[in-house]
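[1] sharing a sequence plus its predicted fold:
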Amino acid sequence: MLEEIERLGLTSYRHSLACQFNPVNSIPVTDLKFGPETVNQMSIANGSFKNAETYHKLLRPKFQSTCISIITEPCFYEKEALITEKTFMAFMGGTIPIWFGGWKNATAMRNLGFDVFDDVINHSYDNIEDDRERISTAVKELDRLNDTDLYKLHANCKQRFVKNQQWLKGPEFVDQFLPLKI
């Protein structure tokens, strides 16, 4: 990804790193853990925490101060949409999604009844079959937002975030799309 950022000449590369050191650039590492996880040189071993626990104890506060979520779904080379907790956490967190992994994830979420903020984000990358080109185009879309007042944008989208959250938690969505009862 760093080579793509350099190749495209992007002006901003913001992220948080959960590890002991950062060999890539001068951005400081963060201690993104909430329990007995093991901090490795380049990662944190999560252990056996459930996604809901990770969201509530670690990620929820991060989402509250975030406008845009970069969602890295695990499906990269395959030509299929794969929606996981990463996407659902971004929607529950009240953020605008940009998918860096997966193919046609914006289309899939739109078809499931979610607002993917097409008036804010150009999700045309969603249809690009070549995985490297799709990621490069998504990165360019993120870079395009550098001059945007994200605080104002987030405030203007608040009702839309709430509507997505209500749909995700609502009985119609749960009954229709999450039929597995455990």
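    Right, received. Where do you want to start? Small disclaimer: the values here were computed from a predicted structure and weren't measured.
[2] strands along the protein, start to end?
    With DSSP state E as the criterion, the chain has strands at 17-18, 29-30, 38-39, 44-45, 68-72, 96-101.
[3] wait, doesn't Glu73 sit right on Gly101?
    Yes. Between Glu73 and Gly101 there is a contact under CB atoms under 8 Å: 4.1 Å. No exception for glycine: its C-beta is placed from N, CA and C like everyone else's.
[4] neighbour-wise, which of the two wins?
    Neighbours per residue (other CB atoms under 10 Å) separate Glu73 from Gly101, with Gly101 holding more: 21 against 18.
[5] contacts only, for that one.
    Ile71, Thr72, Glu73, Pro74, Cys75, Phe76 (CB atoms under 8 Å, 6 or more residues apart in numbering).
[6] again with Leu82
    Applying CB under 8 Å, 6+ apart, the residues contacting Leu82 are Glu73, Pro74, Cys75, Gly102, Asn105.
[7] quick one: pLDDT of the residue lying closest to it once chain neighbours are set aside?
    Excluding the flanking residues, the one nearest Leu82 by CB to CB, 6 or more residues apart in numbering is Cys75, at 3.7 Å. Looking at Cys75, its pLDDT stands at 72.
[8] Cys75 and Asp149, how far apart?
    Using CB to CB, to the nearest Å, we find Cys75 at a distance of 33 Å from Asp149.
[9] before I go, just wanted to say thanks for your time.
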